[in-house]
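K.L.:
coordinates only, sequence not included:
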């Protein structure tokens, strides 16, 4: 006999021993006790122990739009339940079943990609909002013609019986320091209050009954078929929608691996014997580049980049009166008749950088939840092959001053890398702010051939803004 029924029988026994007047006054309490002991208990148990949540997707799209149809309300209901039982779910006592259905695409391969992405996006919302992890989920995806469900992901949570019952308030329990007789002694106003409560709970019972019927119809409607060639699962457990489904084990986990292509534009800044931020003005150049990333783990990836940059550089503040000859040699005195002071000249530089680097994804070091963030930080140490072209020009006439023998080496080496900040704006698209820093081994990159002095260490800084496309 359950605890509720024992309490109800105790209340009825005590009430029968009371006087007839008090018995008549306490009649609403008796009805309330009987009603709550039998009807609501059974109905609420069925409604709370087995919960089904439905998330719908735009046909042929994998993005999870929370405002779409009833997704927002369903997500709020799901989050409330997950928050209440978070510890048990993380401990593995309460499994979270995720089942995806998709057959809206015309190609079977695209259906498999979409259903996997959709299930992962629903799981990502639960991970970010409620602190769950991948081990909490039992995922099954279907792309076959089941005839009933399409472009939808179901989440089903079945609570243990003790959890579902204990969470409900037990009506009729005595509070510490009170007696049953005190509860029986009611004034006329209390009788009216109890009567209104009985009517209220009666309406709730009818509401819960309708919810149970609705939930049952949903489960019947979307009953999952047995596993076929079009069923894909990552756990050897029962399906979230069918307790009889025989699911195969393919050990699929949420993966961030794959290719990403990018296009970047920016401004190069050169530091050498001359520099872009010169004493008299800052020269603004232009750069454009392509990049291809392959992420082979949550932590690391490979990066291949190709950039073209063009800009100008002028005299440093302390070097404005240095003399430069047409051969590119510097004289730190008055020089000769054919030499010109640095302040009257500028260097026009162009370079092609081909880089091979290693992507290091910072988010993974912050924890698994950070992987699902829209904001990503990536550090890419890189080795560059560089192809420079440079000449010295006269500022007044904008004609070439150098004699053509000052050009840089054909190929040189650059060491450095990039620090990138990325923000995902859509399912497959991201914006990127990329900062590349290079130390250049070619001391003649700016057209000045002086083998000594203060500027043997040459640097290129190239801030860029770009857009990235992730291939699925």
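P.N.:
That came in fine, so what should we check first? All figures in this text were calculated on a predicted structure; none of them were measured in a lab. Numbers count the residues shown, from 1 in each chain.
K.L.:
Could you list the low-pLDDT ranges of the chain?
P.N.:
Scanning the chain for pLDDT under 70 picks out 1-50, 145-149, 161-256, 332-337, 404-407, 409, 451-456, 472.
K.L.:
got the residue ranges for the helices in the protein?
P.N.:
Ranges of helices in the chain, per DSSP state H, are 3-17, 20-25, 27-49, 71-84, 86-90, 108-130, 161-166, 180-184, 188-221, 362-365.
K.L.:
was I right about residue 396 contacting residue 344?
P.N.:
Yes - the pair residue 396 / residue 344 is scored as a contact, 6.8 Å apart, by CB atoms under 8 Å. Heads up, the C-betas are built off the backbone N, CA and C, glycines and all.
K.L.:
more neighbours, those two?
P.N.:
Higher neighbour count among residue 396 and residue 344: residue 344, with 14 against 9, using other CB atoms under 10 Å.
K.L.:
what sits against the spatially closest residue to that one that is not a sequence neighbour?
P.N.:
Excluding its sequence neighbours, the residue lying closest to residue 344 (CB to CB, 6 or more residues apart in numbering) is residue 395, at 5.6 Å. Taking CB atoms under 8 Å, 6 or more residues apart in numbering as the criterion, residue 395 is in contact with 344, 345, 346.
K.L.:
residues contacting the closest residue to residue 268 other than its chain neighbours?
P.N.:
Excluding the flanking residues, the one nearest residue 268 by CB to CB, 6+ apart is residue 309, at 3.9 Å. Applying CB under 8 Å, 6+ apart to residue 309 gives the contacts 268, 285, 286, 287, 350, 351, 353, 460, 462.
K.L.:
Quickly name whichever of the residues you listed is closest to residue 432.
P.N.:
residue 462 (13.2 Å; CB to CB).
K.L.:
Dig out what the closest one forms beta bridges with.
P.N.:
Beta-bridge pairing for residue 462 (DSSP bridges): residue 436.
K.L.:
and if you look at residue 309?
P.N.:
residue 287, residue 351.
K.L.:
Could you do residue 377 as well?
P.N.:
Beta-bridge partners recorded for residue 377 (DSSP bridges): residue 421.
K.L.:
my guess is residue 415 meets residue 438, correct?
P.N.:
Yes - in terms of CB under 8 Å, residue 415 counts as a neighbour of residue 438; the distance is 7.0 Å.
K.L.:
more crowded one of these two?
P.N.:
Comparing residue 415 with residue 438 by other CB under 10 Å, the one with more neighbours is residue 438, at 24 against 13.
K.L.:
In space, what's closest to that one - neighbours in sequence excluded?
P.N.:
Nearest to residue 438 is residue 416, by CB to CB, 6+ apart, at 3.9 Å.
K.L.:
anything in contact with each of residue 415 and residue 438?
P.N.:
Shared contacts of residue 415 and residue 438 (CB under 8 Å, 6+ apart): residue 384.
K.L.:
before we move on, back to that, ok, now how distant is the residue nearest to residue 438 from residue 343?
P.N.:
With the distance defined as CB to CB, to the nearest Å, residue 416 ends up 30 Å from residue 343.
K.L.:
Tell me which of the two has more neighbours.
P.N.:
A count of neighbours by other CB under 10 Å puts residue 416 above the other of residue 416 and residue 343, at 21 against 18.
K.L.:
ok, what's across the strand from that one?
P.N.:
On the basis of DSSP bridges, residue 416 is bridged to residue 382, residue 438.
K.L.:
Now do the contacts for it.
P.N.:
Residue 416 makes contact with 381, 382, 384, 436, 437, 438, 439, 460, according to CB under 8 Å, 6+ apart.
K.L.:
and if you look at residue 83?
P.N.:
Residue 83 sits next to residue 130 when contact means CB under 8 Å, 6+ apart.
K.L.:
Make 12 the starting number, not 1.
P.N.:
Shifting the count to begin at 12 puts that one at residue 94.
K.L.:
can I assume residue 373 is in contact with residue 391?
P.N.:
No - in this structure, residue 373 is not within contact of residue 391 by CB under 8 Å, at 11.2 Å.
K.L.:
So which of those two has more stuff around it?
P.N.:
When residue 373 and residue 391 are compared for neighbours, residue 391 comes out ahead with 22 against 14, by other CB under 10 Å.
K.L.:
Tell me if I'm right that that one and residue 443 touch.
P.N.:
No - counting by CB under 8 Å, residue 391 stays clear of residue 443, with 11.5 Å between them.
K.L.:
quick one: the residue nearest to residue 355 from residue 422, how far?
P.N.:
30 Å.
K.L.:
check contacts around the closest residue to residue 68 other than its chain neighbours.
P.N.:
Spatial nearest neighbour of residue 68, chain neighbours left out: residue 162 (4.7 Å); criterion: CB to CB, 6+ apart. Contacts for residue 162 (CB under 8 Å, 6+ apart) come out as 67, 68, 69, 70, 112, 113, 115.
K.L.:
Make CSV from the residues you listed and add distance to residue 455 and neighbour count to it.
P.N.:
Formatted as CSV, the contacts of residue 162 follow (distance: CB to CB, whole Å; neighbours: other CB atoms under 10 Å):
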residue, distance to residue 455, neighbour count
67, 63, 17
68, 58, 27
69, 57, 13
70, 60, 12
112, 64, 26
113, 59, 27
115, 60, 17
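K.L.:
Of these, which is the nearest to residue 86?
P.N.:
The nearest member of those to residue 86, counting by CB to CB, is residue 67 at 11.5 Å.
K.L.:
Which residue, neighbours along the chain excluded, lies closest to the closest one?
P.N.:
Distances taken as CB to CB, 6+ apart put residue 80 closest to residue 67, at 4.9 Å, once the chain neighbours are dropped.
K.L.:
what's the neighbour count on that neighbour?
P.N.:
By the measure other CB under 10 Å, the count of residues near residue 80 is 13.
K.L.:
Fine by me, thanks again.
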